[in-house]
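**Q** The following block contains a protein sequence and its predicted model.
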Amino acid sequence: MATNLTSERRETTTAFTANQPAAAPPAKPDEITVADTGAGLLVFVEADLPGKELAGFADVSDWGAIRDALRARGLGVGATTNLPVFDIDELPA
């Protein structure tokens, strides 16, 4: 007897939860840049080489939109589970 696998499929959702909030941003205030995605902030810091690197997130309301913003910038979406979420009040204005 053949099994129809399509009838056995269940719709699943994955919750993306970033690490615990960081105690403080990882750089001096003048070395931090934020990019507003409309669903939260991407927090970048000066890298060792010329350029910036993603250090974490802040004020996130929609992780799906954050993943889309990372993809649009050519960054891996795994950062959503590996990088910290910073307190918005600790970021430079």
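**A** Received, thanks. Numbering: from 1, shown residues only.
**Q** Quick check: what element follows the helix or strand bottoming out on mean pLDDT in the chain along the chain?
**A** Here the helix or strand of the chain ranked lowest by mean pLDDT, DSSP states H and E is helix 5-8, holding a mean of 46. Next helix or strand after helix 5-8 toward the C-terminus (DSSP states H and E): strand 32-36.
**Q** The helix or strand that that following strand is followed by pairs with which strands?
**A** Per DSSP H and E, strand 32-36 leads on to strand 41-46 as the next helix or strand towards the C-terminus. Taking DSSP bridges as the criterion, strand 41-46 forms sheet pairs with strand 32-36 (antiparallel), strand 52-58 (antiparallel).
**Q** Need the winner for burial among those.
**A** Greatest average neighbour count among the strands paired with strand 41-46 goes to strand 52-58 (a mean of 20), per mean count of other CB atoms under 10 Å. For every residue, glycine as well, the C-beta is placed using N, CA and C.
**Q** okay, which residue is most central for the protein?
**A** residue 80 (3.9 Å; CA atoms, centre = their mean).
**Q** Three-state assignment for that one, please.
**A** helix (DSSP: H, G, I helix; E, B strand; the rest coil).
**Q** Local confidence estimate at it?
**A** The per-residue pLDDT reported for residue 80 equals 90.
**Q** got it, and residue 89?
**A** Looking at residue 89, the pLDDT reads 86.
**Q** do residue 10 as well
**A** Looking at residue 10, the pLDDT reads 41.
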